Each structure stands twice: as structure tokens, then as C-alpha cells.
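>>> fold the following for me, if possible:
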Amino acid sequence: MENRIELKKGARMETKSVVKIGMLSAIAYIIMFLEFPIPIFPAFLKLDFSDIPALIGGFAISPLAGVLIQLIKNLIHLITKTSTGGVGELGNFIVGASYVFVASYLYKIHHNKKGAIIGCLAGIVAMTVAGAFFNLFVLLPFYSKIMPVEAIIAMGSMITPLIHDLPTLVLYGIVPFNIFKGIAVSIVTILIYKKVSPVFK
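Take a look at the predicted model:
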């Protein structure tokens, strides 16, 4: 009898988690449409806050849930509205998943505000490193098949003359952008998490 009760409780918990992940994925997908450029960064880099629902899911449910939210929102965006042949969605997933997984994993270990801050800082480092590596060796080379690499570099050199090739585009354009985005997402999430987390618990 006790085993049956435990199984039923476990099934209910799994069902609730699936529903929460679905809700947060839908919210994240909608937020992706509210992207906007930041004048101090190359024009193809646009800021959106769709990582916030994923980070909330990572904090409230599990690190894996946060990664799944990132995956689902990007798969839906790929099917419905991609303009980059999937390169943008792949980059968004890699960077976002790196950030959310590391941040929420550390938060689960240190379950307090200090742990959330430490987790977010570590997540920013993770997303910056992952973003730099994958953009340099995977994403930008693929994206250059859609847009000439010279045009991509030119968009960066309009911001700073330090950008003159792909490595400098990553170093002086993409790395600062990911740090900026990570800080912005972290601040907003930490400010609102305690207010919205009861809904997801």
C-alpha cells in the first residue's frame, strides 16, 4: 500500500513538472520575440530575456528542467520563425543551457540568495566560455554560409576598429555581449524569483 501511494505521488510530481516545463517554455518562446539590439554591440547580436523562464525553471524544478526549457523554446522557434537556418537557435541553446545549468546546479547546492548570486556568476562565466568557443569554431563558420563572413566582420568593425576578423569579433563583440546579457538576466531573475517561485513549487 505504501509503495502504491509513493508511486502515485511520484507520478503526480512528474506530471506537475512536465506542466511547469511546458508553461515556462511557452513563456520563454514568447519572450524571444521581444528581442532588441544594443547599440554598443554588433547589430546581429540582439538581447532578449527568454533565459529568465529557463533559469526560474532551473531554480524551482531542477537544472535539467532549465536545459529542457531552453531546448523546447529554441526548437519551437526553429520550426516557426528561424531566419538563420538554425544557427541562431543552436547558439541560443548552447549559451543559454550553459548558463542555466551551471547557475541552477550551484543554487541547488547552496539554496539561498548567496547561492543564487554565486550560481549566476558562475553561469555567466560558463556561457561566456561556451559562447566564445562555439561561435569561433562552429556557429560563425556555419553562419558565414548564410551571410558573407566579410559582412559579419564589418558589422562588428562598425562598433570598434579592434574587430577585423572572426577571433577579434568573438573577443571584442560576442564575449562582452554574453557577459552583458548574463548580468542583465541574472539581476532580473534574482529580483523576481522569490515572488514568482511559489507558483512553480
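
>>> which helices and strands does the strand or helix carrying residue 191 pack with?
Following DSSP states H and E, one finds residue 191 within helix 175-200. Judged by 3 or more CB pairs under 8 Å, 6 or more residues apart in numbering; DSSP states H and E, helix 175-200 is in contact with strand 46-47, helix 51-60, helix 87-109, helix 113-134. All C-beta atoms are positioned from the backbone trio N, CA, C, and that covers glycine.

>>> show me how far it is from its chain's centre.
How far helix 175-200 lies from its chain's middle: 11 Å, per CA atoms, centre = their mean, to the nearest Å.

>>> show me the contacts for the closest residue in space to residue 136 that isn't next to it in sequence.
In space, and not counting its chain neighbours, residue 136 is closest to residue 170: 4.9 Å by CB to CB, 6 or more residues apart in numbering. Residues in contact with residue 170 (CB atoms under 8 Å, 6 or more residues apart in numbering) are 132, 135-136, 140.

>>> top of those residues by neighbour count?
residue 135 (23 neighbours; other CB atoms under 10 Å).

>>> doesn't residue 75 make contact with residue 32?
No. Distance between residue 32 and residue 75: 11.8 Å, which falls outside the contact criterion (CB atoms under 8 Å).

>>> quick one: which of those two has more around it?
residue 32 (21 against 15).

>>> show the contacting residues for residue 197.
Counted by CB under 8 Å, 6+ apart, residue 197 has contacts 56, 59-60.

>>> and it, how far from residue 53?
12 Å (CB to CB, to the nearest Å).

>>> ok, now residue 176?
Residue 176 is 24 Å from residue 53, by CB to CB.

>>> where is pLDDT lowest across the contacts of residue 170?
pLDDT is lowest at residue 140 among those; the value there is 90.

>>> residue 149 is in contact with that residue, correct?
Yes. With contact defined as CB under 8 Å, residue 140 counts as touching residue 149 (7.5 Å).

>>> touching both of those two, which residues are there?
residue 166.

>>> for residue 201, give me the pLDDT.
Reading off the model, residue 201 has pLDDT 61.

>>> please apply the same query to residue 4.
At residue 4, pLDDT is 53.

>>> cool, the one 4 residues further on as well?
Here, the pLDDT recorded for residue 8 equals 52.

>>> try residue 178
So residue 178 comes in at 97 (pLDDT).

>>> surely it touches residue 128?
Yes. The criterion here is CB under 8 Å, and residue 178 meets it with residue 128 at 4.8 Å.

>>> which one's more surrounded, those two?
Neighbours per residue (other CB under 10 Å) separate residue 178 from residue 128, with residue 178 holding more: 25 against 21.

>>> which stretches of the protein have low pLDDT?
1-13, 200-201 (pLDDT under 70).

>>> tell me the contacts of the residue positioned nearest the centre of it?
Centroid-nearest residue in the chain, with CA atoms, centre = their mean: residue 96, separated by 2.1 Å. Residue 96 is in contact with 50-51, 54, 70, 74, 127, counting by CB under 8 Å, 6+ apart.
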